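In: Sequence first, then the predicted structure, then my questions.
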Number of protein chains: 2
Amino acid sequence: MRDSAPDCSIARALEIIGDRWTILILRDAFRGIRRFDEFRRDLDIARPVLADRLRKLVDHGILQKVRYQDHPPRDEYRLTPMGRELSPALVALMRWGDTYLNDGAPPTVLIHDACGAALEQGFWCPQCRRTFSPRQIASRPGPGTSPDGRSDPTDSAHGGQRAHTH
Amino acid sequence: MRDSAPDCSIARALEIIGDRWTILILRDAFRGIRRFDEFRRDLDIARPVLADRLRKLVDHGILQKVRYQDHPPRDEYRLTPMGRELSPALVALMRWGDTYLNDGAPPTVLIHDACGAALEQGFWCPQCRRTFSPRQIASRPGPGTSPDGRSDPTDSAHGGQRAHTH
DNA sequence: CGACTGAGTTCGGATTCCGAACTAAGGTCC
DNA sequence: GGACCTTAGTTCGGAATCCGAACTCAGTCG
């Protein structure tokens, strides 16, 4: 990308994790994978690519190297809090893939242990105490830079949320 | 990627949208951008790359070409319902970027027009009628294929959700 | 007619990716 | 102590991808 400092959060995020391998590495990290060769075997990724991606993730504070044994000195890669906060994005991607690319196989659901109900992921208004499906808010996820606020004809069904910059 | 039919939804999703340009195109689509040259100018993307990505998005049913005028026959690209369902993933990415990559600038928030409150994105248990922050569920976003369920030491703070395959 | 617009395609050079092979540091077995 | 193993990388050259410039093509405007 030519522009190294875009003013859009999505673009900035993609400069760091906008690479298929990087996202798959993070997926594995969420699954509990931590060591170089575990990543390599699980992903079937070339070593140089893996080393490069891990280094960048560490540089950006998404993973950190933690020594797990001293005698052959060995480090493992763990998610930092910043890295763990990427989970909504990965979960959203997984749910989308489950829904649309799964060939009818049962999707993965997240179960709330305390009550056994399936957790939903969505937008929640703490004041009205209700959720909104993505469909209802999809047309306006952000103010962006669209200058005119041209309305979206596919929008007619939605419930009236709008995005503002804080 | 060598494996053309991975059994992981995230990997399958990334085969379609796991490309920085593709995600930026979708971001623009959510902002209301629809036409070839609008995308090209906004993203400063090379024409062949844009044409290729748009074609793939149409092939996969994420965008559709819609004729918006007959006289010079012109088509525009619109999100399908399948495409619109990607918004949680993009929003999650934006929020993460806002939080961690924003150099102190105010983050974008989503406002619920009906009441003015800031919408949250998170996991919601419809039975308990409450949300959980990403932090509370971050360590176990899916059952994955990790064979042993090795527990995560960084897990101790989380609230007790667990992921199951439906 | 001639210029212009929107939506692409073709082509070649530059960049980036990636797989095979190699390196390195330490441990284990006998 | 030597052979071999494990883990974690690096080097290097070919292959894939990217991207800018130029071209195409259909249709409209003046």
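Out: Cool, the structure landed. Residues are numbered from 1 along each chain as shown, chains lettered A, B, ... in the order given.

In: and stretch A:73-90, does that touch DNA strand C?
Out: Yes: using CB under 7 Å from any atom of the strand, stretch A:73-90 comes into contact with DNA strand C via A:Pro73. In this view, the C-beta of every residue, glycine as well, is placed from N, C-alpha and C.

In: Show me which positions of that stretch end up buried.
Out: For stretch A:73-90, a neighbour-count test (16 or more other CB atoms under 10 Å in any protein chain shown) marks A:76-79, A:82-90 as buried.

In: domains of chain A?
Out: What the record gives for chain A is the domain set A:9-84, A:87-155, from automatic domain parsing.

In: hang on, the earlier thing: with respect to B:Met94, which of the buried residues of stretch A:73-90 is nearest?
Out: The nearest member of the buried residues of stretch A:73-90 to B:Met94, counting by CB to CB, is A:Ala89 at 9.1 Å.

In: Between all of the buried residues of stretch A:73-90, which two are separated the most?
Out: A:Glu76 and A:Pro88 (24.3 Å).

In: can I have stretch A:63-75 written out in PDB, keeping just the CAs?
Out: Output of stretch A:63-75 as PDB, limited to C-alpha atoms (Å, rounded to 0.1, in the frame of the first residue of the first chain):
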ATOM      1  CA  LEU A  63       1.900 -11.300  20.400                       C
ATOM      2  CA  GLN A  64       4.700 -11.400  22.900                       C
ATOM      3  CA  LYS A  65       7.500 -13.800  23.200                       C
ATOM      4  CA  VAL A  66       7.600 -15.600  26.500                       C
ATOM      5  CA  ARG A  67      10.400 -17.900  27.600                       C
ATOM      6  CA  TYR A  68       8.900 -21.200  28.600                       C
ATOM      7  CA  GLN A  69      12.000 -23.100  29.300                       C
ATOM      8  CA  ASP A  70      15.600 -22.100  30.000                       C
ATOM      9  CA  HIS A  71      17.600 -25.000  29.100                       C
ATOM     10  CA  PRO A  72      17.300 -25.100  25.600                       C
ATOM     11  CA  PRO A  73      16.200 -21.500  25.700                       C
ATOM     12  CA  ARG A  74      12.800 -21.600  24.100                       C
ATOM     13  CA  ASP A  75      10.200 -18.900  23.600                       C
END
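
In: Thanks a lot, see you next time.
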